[in-house]
Structure formats: C-alpha cells, structure tokens
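# After the sequence you'll find the predicted model.
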Amino acid sequence: MTGTIESGWEFVIAAYSLTWLVLIGYAASLWVRGKSVAKNGEDRR
C-alpha cells in the first residue's frame, strides 16, 4: 500500500461532470427567472 490512488480517473470525470451539471442547471434557472421577471415588468430594486 503506497498511499497513491490508481485508476482514479473515473472519479475525477464523475466529479467534474456533476459539477458542470449543477452549474448549468443553476444558470438555466437564473435565465428562466430573469425571463419571467422581464415578462412581468417587475423591478425589485
């Protein structure tokens, strides 16, 4: 046992894929919310 991880690329790819999925989902939700605010003409400042 040397303390190094071998063949760990599957984990790295899965972690990056999950991160990008979450970021894209968050960006899409902001875009949809922005469109609905612009459509309703609301200004919440």
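On my side now, so go ahead.
# switch to C-alpha atoms for all contacts and neighbour counts from now on
Fine.
# for stretch 26-45, what is the average pLDDT?
Averaged over stretch 26-45, pLDDT sits at 81.
# Centre of the chain to the strand or helix carrying Leu30, how far?
Leu30 belongs to helix 9-40 when assigned by DSSP states H and E. A distance of 4 Å separates the centroid of the chain from that of helix 9-40, by Cα atoms, centre = their mean, to the nearest Å.
# Stretch 21-41 too?
13 Å.
# okay, stretch 21-28 in CSV with CA atoms only?
The C-alpha trace of stretch 21-28 is given here as CSV (Å, rounded to 0.1, in the frame of the first residue of the first chain):
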residue,chain,number,x,y,z
LEU,A,21,-24.4,19.7,-14.5
VAL,A,22,-25.1,21.7,-11.3
LEU,A,23,-23.6,24.9,-12.7
ILE,A,24,-25.5,24.6,-16.0
GLY,A,25,-28.8,23.8,-14.1
TYR,A,26,-28.3,26.9,-11.9
ALA,A,27,-27.5,29.1,-14.9
ALA,A,28,-30.6,27.8,-16.6
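# buried set for it?
The neighbour-count check on stretch 21-28 (16 or more other Cα atoms under 10 Å) flags nothing as buried.
# Please apply the same query to stretch 32-45.
In stretch 32-45, counting by 16+ other Cα under 10 Å, buried: nothing.
# what sits up against it?
Under the contact criterion Cα atoms under 8 Å, 6 or more residues apart in numbering, stretch 32-45 has no outside partners.
# Output that stretch as CSV, nothing but the C-alphas.
Only the C-alpha atoms of stretch 32-45 are listed here, as CSV (Å, rounded to 0.1, in the frame of the first residue of the first chain):
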residue,chain,number,x,y,z
VAL,A,32,-35.7,31.3,-16.7
ARG,A,33,-36.3,33.5,-13.6
GLY,A,34,-34.8,36.5,-15.4
LYS,A,35,-37.1,36.0,-18.4
SER,A,36,-40.2,35.8,-16.1
VAL,A,37,-39.3,39.0,-14.3
ALA,A,38,-38.7,40.8,-17.6
LYS,A,39,-42.0,39.4,-18.9
ASN,A,40,-44.0,40.6,-15.9
GLY,A,41,-42.2,44.0,-15.9
GLU,A,42,-41.3,43.8,-12.2
ASP,A,43,-38.4,45.7,-10.8
ARG,A,44,-37.5,44.6,-7.3
ARG,A,45,-34.8,47.2,-6.5
